[in-house]
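> no sequence for this one, just the structure:
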């Protein structure tokens, strides 16, 4: 059962949930009794799929955490992101540490990032629907015929409430009508996906898990698919192993994504991808993905138009494959699209690993398809040591695998207060395509590599190639 106080909520794991016995985890506040957390099993990394652990709970205020490694010794421990400033106290195979409030952390023993423990301490949930209220359709654990669920959503239903327990949607994609909230309670695991198609005023929220490991890659299901819609909010849920993107946004506007956590292991299983969309706000997410964590494009497939006014803030990005942040690759090549007014702010990058050199870049603008990418700001970005790639890649390019023609222009790009702590021999690149397809106006302010203030391309291992103009450092 759910254990709750005013300052901490512990959710039960449903019978049959996939667990991982690598660690035993307990939490407490104010020297009160220790409360155990269930360790879920989550898979990571497409190149060599491995099992890691994940726990979650809600809290307000300081929390003491105890982690016991159940097999083998602990020589050292890292608790990341480093910006959290958390050090663990090691005593044999036991580590204790204190968090000052809600956090999204990776607990790594003996340098192992691939059998680590993910700790998600959510804020205390506010405004959760009451299953006893009128207008709330309660879905009890079990196997559900999706068509039957949809037929029971009358005009009087405002909330679809998945209770704690295991849920399986026989036809996995549940279409959500306008004006409805889908609530996945803490302790619920839903094997399925949610679709918002030509709707508005929809919310998908909760503290539970959307579990997709049992779906074949070729289904290309997304955990949440948003098409031709507006005023859609996704908040609080955890997504495990989607066959395709975690969240897909196509030709939609006024989309809010807050406090979601996601893991993926398949090809093209990006985190949040958006196409031909505007006014997208992403806040406080943790994405550990086997393709781009965040991808911002113009037109693609049935979704045609410019993309603008996108903000990604206060988040942790971990790309086991490809880019943490990727902008501009797709558009309407016949006319070109505008991708503009993009802000990445207060972000920790924990990994970037890409074997293909053409797809390197923690912060990447790969402008193709006659697109113009402009007014992109990276502010307060902290990048930790990554395995394989490069720090920055800004190019107007022609990629014959994806683009019928090169991009048109990249302009007005601002890197403000960027810190990289680590070693990367691969140079960053800023390059246009030809005399008419250029990069212009790239400004660096307070770029620091291993605490050294970078005031020239050479000192930062940055190559300024042909058709790139007005690149400055302060």
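Sure, I can see it. If you're wondering where the values come from, they're calculated on a predicted model, not measured in any experiment. Residues are numbered from 1 along each chain as shown.
> For whichever strand or helix holds residue 413, buried residues please.
Applying DSSP states H and E as the criterion places residue 413 in strand 409-421. By neighbour count on 16 or more other Cβ atoms under 10 Å, the buried set for strand 409-421 is 409, 410, 411, 413, 415, 417, 418, 419, 420. Yep, even glycine has a C-beta here, placed from its N, CA and C like the rest.
> Touching, the second one and residue 367? I think so.
Yes: using Cβ atoms under 8 Å as the test, residue 410 is close enough to residue 367 to be in contact (5.0 Å).
> Tell me the helix or strand right after the worst-scoring helix or strand of the chain on mean pLDDT.
Least confident helix or strand, the chain: strand 3-4 with a mean of 70, by mean pLDDT, DSSP states H and E. Next in sequence after strand 3-4, counting helices and strands by DSSP H and E, comes strand 8-10.
> what pairs with that next one, and is each one parallel or antiparallel?
With DSSP bridges as the test, strand 8-10 is paired with strand 3-4 (antiparallel), strand 50-59 (antiparallel).
> Present those strands as a markdown table; the columns should include mean neighbour count.
Below are those laid out as a markdown table (neighbours: other Cβ atoms under 10 Å):
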| stretch | mean neighbour count |
| --- | --- |
| strand 3-4 | 13 |
| strand 50-59 | 21 |
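> Starting from the longest strand along the chain, tell me which strands it pairs with and how they run.
In the chain, with assignment by DSSP state E, the single longest strand is strand 338-352. Partners of strand 338-352 in the sheet, by DSSP bridges, are strand 307-319 (parallel), strand 372-384 (parallel).
> could you give the mean pLDDT of that strand?
Summarised as a single mean, pLDDT over strand 338-352 is 98.
> Off-centre distance for stretch 244-255?
For stretch 244-255, the distance from its own C-alpha centre to the chain's C-alpha centre is 13 Å (Cα atoms, centre = their mean, to the nearest Å).
> Return the list of strands paired to the next helix-or-strand element following the strand holding residue 413, each annotated with direction.
Next helix or strand after strand 409-421 toward the C-terminus (DSSP H and E): strand 428-431. Applying DSSP bridges, strand 428-431 is found paired with strand 392-396 (parallel), strand 462-464 (parallel).
> Any buried residues in stretch 164-176, and which?
Of all the residues in stretch 164-176, those buried under the rule 16+ other Cβ under 10 Å are 164, 165, 166, 167, 169, 172, 174, 175, 176.
> Show me which of those is closest to residue 453.
residue 176 (49.4 Å; Cβ to Cβ).
> pretty sure residue 20 contacts residue 44?
No: the criterion here is Cβ under 8 Å, and residue 20 misses it with residue 44 at 11.7 Å.
> more neighbours, those two?
Taking other Cβ atoms under 10 Å, residue 20 and residue 44 do not tie; residue 44 has more neighbours (25 against 18).
> what pairs with the more buried one across the strands?
On the basis of DSSP bridges, residue 44 is bridged to residue 50.
> Touching, it and residue 269? I think so.
No: judged on Cβ under 8 Å, residue 44 makes no contact with residue 269 at a distance of 10.9 Å.
> so what's in contact with these two at the same time?
Overlap of the contact sets of residue 44 and residue 269 (by Cβ atoms under 8 Å, 6 or more residues apart in numbering) consists of residue 290.
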